[in-house]
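*Asks:* sequence first, predicted coordinates after that:
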Amino acid sequence: MTQERYPGEQHGLGLFLEELQPVVARELGQDSLLYHAIRRALATGRLAHLRHARGVFNSLARDLRQTLQSGIVATPEPAPKRERLLDTYGRREPQPFVAIDCEIGRDASPEPQIGLRHELLDDVALRVLVRPGSLPSGVAGRLREIADLIDQDRRLLSARYWRAARMRVVTGDGCENAESG
């Protein structure tokens with residue numbers, strides 16, 4: 001059968017095998033039959049090869065399958081030591097950033113919090129930080145909303161705008177909450 005049994009079968013199998021491949025290499029080695037089946041399936045992308053690799057995976061003993069599956073969902077990389085991060089950050093100079101903080105989901109505030117913050121980050125023009133495990137459609141939707149917000153009020157990225165907002169806060173002239181958006 002060369003047709004998909006359900007919509008997205010080929011894509012889903014491909015994604016599953018991509019995530020499984022490094023776990024199989026680490027746990028079973030690159031000489032294992034499963035590793036070779038996955039490598040061939042990903043190289044060709046053919047549905048028959050993808051199904052074959054899944055079949056080899058499914059034929060493994062249950063405890064081995066569970067070990068491999070847990071390797072997919074487990075944290076891929078341990079968090080660095082706090083002292084190492086603090087040492088790295090301690091060598092950086094504070095940089096001004098327009099920070100846009102927002103929640104995702106049903107309980108999320110509809111308006112993101114926007115403000116100028118100084119952070120000990122690399123001086124890059126754009127950095128997006130998303131908590132792992134966030135729903136991709138929710139993240140993409142919020143990013144579109146933020147892009148629309150910036151497009152509607154381009155002053156949000158202007159250094160002059162934030163200097164003026166700080167002056168209004170210091171002198172008490174105008175909005176007291178100008179710095180937080």
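*Replies:* Perfect, thanks for sending it. Numbers count the residues shown, from 1 in each chain.

*Asks:* report the distance from stretch 42-49 to the chain centre.
*Replies:* With CA atoms, centre = their mean, to the nearest Å as the basis, stretch 42-49 stands 27 Å off its chain's centre.

*Asks:* ok, now stretch 104-120?
*Replies:* With CA atoms, centre = their mean, you get 17 Å for stretch 104-120.

*Asks:* which outside residues touch that stretch?
*Replies:* Residues from elsewhere that reach stretch 104-120, judged by CB atoms under 8 Å, 6 or more residues apart in numbering: 89-90, 92-103, 134-135, 138-139, 141-142, 145-146, 149, 156, 162, 165-166, 179-181. C-beta here means a position set from N, CA and C on the backbone, and glycine is covered the same way.

*Asks:* and the contacts of the longest helix seen in the chain?
*Replies:* Using DSSP state H, we find that the single longest helix of the chain is helix 9-27. Residues from elsewhere that reach helix 9-27 (CB under 8 Å, 6+ apart): 4, 32, 34-35, 38-39, 41-42, 45, 47, 50-51, 53-54, 57, 67-68, 71-72.

*Asks:* show me the contacts for residue 134.
*Replies:* Here residue 134 is in contact with residue 104 (CB under 8 Å, 6+ apart).

*Asks:* wait, is it part of a helix?
*Replies:* No: assigned with DSSP: H, G, I helix; E, B strand; the rest coil, residue 134 falls outside any helix and is coil.

*Asks:* what separation do you get for it and residue 47?
*Replies:* Note on residue 134: its distance to residue 47, by CB to CB, to the nearest Å, is 30 Å.
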